[in-house]
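Colleague: Pasting the sequence and the predicted coordinates here, then a few questions.
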Amino acid sequence: MTEAQLTEQLWGPETAKAVENFPVSGHPVPAPVIHWLGRIKGAAARVNAELGQLDPDLAERIAEAGDAVAEGRHDDQFPVDCFQTGSGTSSNMNANEVLANLAGDGAHPNDHVNMGQSSNDVFPSAVHLAALAQASEDLLPALDGLAGTLAVKADEFADHVKSGRTHLMDAVPVTLGQEFDGFAAQIRLGAQRVRDTLGRVGQIPLGGTATGTGINTHSEFAERVRTRLTEQTGLVISAPEDPFEAQGNRDALVELSGALKVVAVSMIKIANDLAMMGSGPRAGLAEIRLPELQKGSSIMPGKVNPVIPEVVIQVGDQVIGNDAAIAIAGTQGQFELNVRVPVIARNLLDSIKLLASAARLLDKRCVAGIEPNTEMLQRHAESTLQVATALNPHIGYDMATEIVKEAASSNRTVREVATERGVDDAVLEEALDFVKMARPHD
């Protein structure tokens, strides 16, 4: 690195050591974590001035530097790899140095910018708040939008009867709308699972400093900083239930990741079902028409693939993998500190971002444009042999089984065979009403 390049940098020697020591992935700590480090340190400086711990002019200069970092104006000054010391100390020192240089004369990275803090409490606090903000402001709106679009489609498809399927085999009729109602409920419940974790994610260990005792911190410091951050962002940021619990483990982040995994599983299921229902158009189920977004083959003319469901499935696979890494990292707390926080941050924020993007794509570029293939839906409803289930109360299970077997072997419908077997037309009209089968309690 040339001398000219060094003069353009805001970081100092501790950051330079970390860059040299951790040439691992080439990916720095996620930007939202850096932004929250800036936001926390800016609030901390102003609070320390209020408490008489820091010169007001110096505090305001540090706070303005923190505001600039929070706004993303200095992202290029945070080069430390996400695979670094497990407490995030290197990134905290990076933030201290950048803010001190931005603040100018008299600002010391440790004595002033880091006042009332330790890497052990401020870095995980930044991770918690980054996850809280991204989940609240990005993921949940995306999931709510997807659930809403699925619900609209459920209403639109309410009267389109089709064959149900269990074990990938024909089952009694359902409506396409009922299937989409189920999809919408999956996403709504997933969003609720995420919401249920956020109160605990918002409990941050700030104020615990090195081990949870709060050494070198004013007794009012943490509460005042939390209040400022809540007022600035509107997020619910609260004290931990116990400072040693909050510092010694990252269970709330593991819990949030678990909820994200459930959302990923739901989205994979929905995407798989959509792809299978849209399979064809001649040799598949062809019950729905997915939007045609691009050519599906470089060699087969006219081929269209379910590209958005395939993207969603791959995202879900990645989120499940991320969760496994987060769960393992969550077990790595020893005594007063979890020392796998950076990898938790990397994977958790990745999962939130991926799921939010995938939900929006599935919503806008797939579900919103789905059309029913009414002819194929009706054909499948009429041809499923399991409509014989509705005859059980009238002719008994054994005779209905015989009708199904004969219909299967002769490639005829249940109605045709039942008529041949002497089942009364009135019984058939009542029992083989596909809409009534799908909604027996309407």
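Modeller: That came in fine, so what should we check first? Residues are numbered from 1 along each chain as shown.
Colleague: can I assume Val33 is in contact with Leu349?
Modeller: Yes: at 7.1 Å, Val33 counts as touching Leu349 under the criterion of Cβ atoms under 8 Å. Using the backbone N, CA and C atoms, a C-beta is placed for each residue, glycine as well.
Colleague: Which neighbours do these two have in common?
Modeller: Ala130 (Cβ atoms under 8 Å, 6 or more residues apart in numbering).
Colleague: Could you list the buried residues of the host helix or strand of Ala154?
Modeller: Taking DSSP states H and E as the criterion, Ala154 maps to helix 140-156. Neighbour counts over helix 140-156 (16 or more other Cβ atoms under 10 Å) mark Leu140, Ala142, Leu143, Gly145, Leu146, Ala147, Thr149, Leu150, Ala151, Lys153, Ala154 as buried.
Colleague: do the same with stretch 231-241
Modeller: Using 16+ other Cβ under 10 Å as the test for burial, stretch 231-241 gives Thr233, Leu235, Ile237, Ala239, Pro240.
Colleague: show me what contacts the closest residue to Ala154 other than its chain neighbours?
Modeller: Leaving aside its sequence neighbours, Ala154 sits nearest to Phe180 (Cβ to Cβ, 6 or more residues apart in numbering; 3.8 Å). Contact analysis of Phe180 by Cβ under 8 Å, 6+ apart lists Leu150, Ala151, Lys153, Ala154, Phe157.
Colleague: re the thing from before, switch the buried residues of helix 140-156 over to TSV; also include pLDDT.
Modeller: Listed next are these as TSV, based on pLDDT from 0 to 100:
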residue	pLDDT
Leu140	98
Ala142	98
Leu143	98
Gly145	98
Leu146	98
Ala147	98
Thr149	98
Leu150	98
Ala151	98
Lys153	98
Ala154	98
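Colleague: Pick the one among the residues you listed closest to Arg224.
Modeller: Leu140 (28.4 Å; Cβ to Cβ).
Colleague: list the contacts for the closest one?
Modeller: Ala191, Val194, Arg195.
Colleague: where's the last one, which helix or strand?
Modeller: By that I understand Arg195. Judged by DSSP H and E, Arg195 forms part of helix 176-201.
Colleague: For the stretch 301-442 of the chain, which segments are assigned as helices?
Modeller: 307-330, 341-365, 374-383, 392-395, 397-410, 414-420, 425-431, 434-438 (DSSP state H, counting those that start in this stretch).
Colleague: Hmm, I typed the wrong one, I wanted the stretch 51-200 of the chain.
Modeller: 56-70, 89-103, 119-134, 140-156, 176-201.
Colleague: Just put the ones you listed in TSV and tack on distance to Glu50.
Modeller: TSV is the format used below for the helices of the stretch 51-200 of the chain (distance: least, Cβ to Cβ, whole Å):
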stretch	distance to Glu50
helix 56-70	9
helix 89-103	17
helix 119-134	18
helix 140-156	34
helix 176-201	27
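Colleague: so which of the ones you listed gets nearest Lys269?
Modeller: Evaluated over the helices of the stretch 51-200 of the chain, closeness to Lys269 peaks at helix 176-201, with 7.1 Å, by Cβ to Cβ.
Colleague: Report the mean per-residue pLDDT for the closest one.
Modeller: Averaging pLDDT along helix 176-201 yields 98.
Colleague: Wait, Met35 touches Ala130, no?
Modeller: One correction, residue 35 is His, not Met. Yes: between His35 and Ala130 there is a contact under Cβ under 8 Å: 7.3 Å.
Colleague: Just the pLDDT at Pro5, thanks.
Modeller: Quick fix: residue 5 reads Gln, not Pro. 43.
Colleague: sorry, that was for His218
Modeller: 97.
Colleague: Take the contacts of Leu140 and lay them out in TSV including neighbour count.
Modeller: Below are the contacts of Leu140 laid out as TSV (neighbours: other Cβ atoms under 10 Å):
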residue	neighbour count
Ala191	22
Val194	23
Arg195	14
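Colleague: ok, these vs Arg226, which is closest?
Modeller: Taking the contacts of Leu140 together and measuring to Arg226 by Cβ to Cβ, the closest member is Arg195, at 20.3 Å.
Colleague: quick revisit: who's more crowded, Val33 and Leu349?
Modeller: A count of neighbours by other Cβ atoms under 10 Å puts Val33 above the other of Val33 and Leu349, at 29 against 22.
Colleague: Give me the secondary structure label for the more buried one.
Modeller: Using DSSP: H, G, I helix; E, B strand; the rest coil, the structure places Val33 in helix.
Colleague: separation between it and Leu253?
Modeller: Going from Val33 to Leu253 by Cβ to Cβ, to the nearest Å gives 12 Å.
Colleague: now do Asn272
Modeller: Between Asn272 and Leu253 the distance, using Cβ to Cβ, works out to 29 Å.
Colleague: who's more crowded, these two?
Modeller: It is Leu253, of Asn272 and Leu253, that has more neighbours when counted by other Cβ under 10 Å, with 25 against 16.
Colleague: mean confidence for the helix or strand hosting that one?
Modeller: Using DSSP H and E, Leu253 maps to helix 251-277. Mean per-residue pLDDT for helix 251-277: 98.
Colleague: buried ones in that helix?
Modeller: So for helix 251-277, counting by 16+ other Cβ under 10 Å, buried means 252-264, 266-268, 270-277.
Colleague: tilt between that helix and helix 374-383?
Modeller: 90 degrees (axes from the mean of the first three to the mean of the last three Cα atoms, to 10 degrees).
Colleague: Remind me what helix 251-277 packs against, helices and strands.
Modeller: The helices and strands touching helix 251-277, judged by 3 or more Cβ pairs under 8 Å, 6 or more residues apart in numbering; DSSP states H and E, are helix 119-134, helix 176-201, helix 307-330, helix 341-365.
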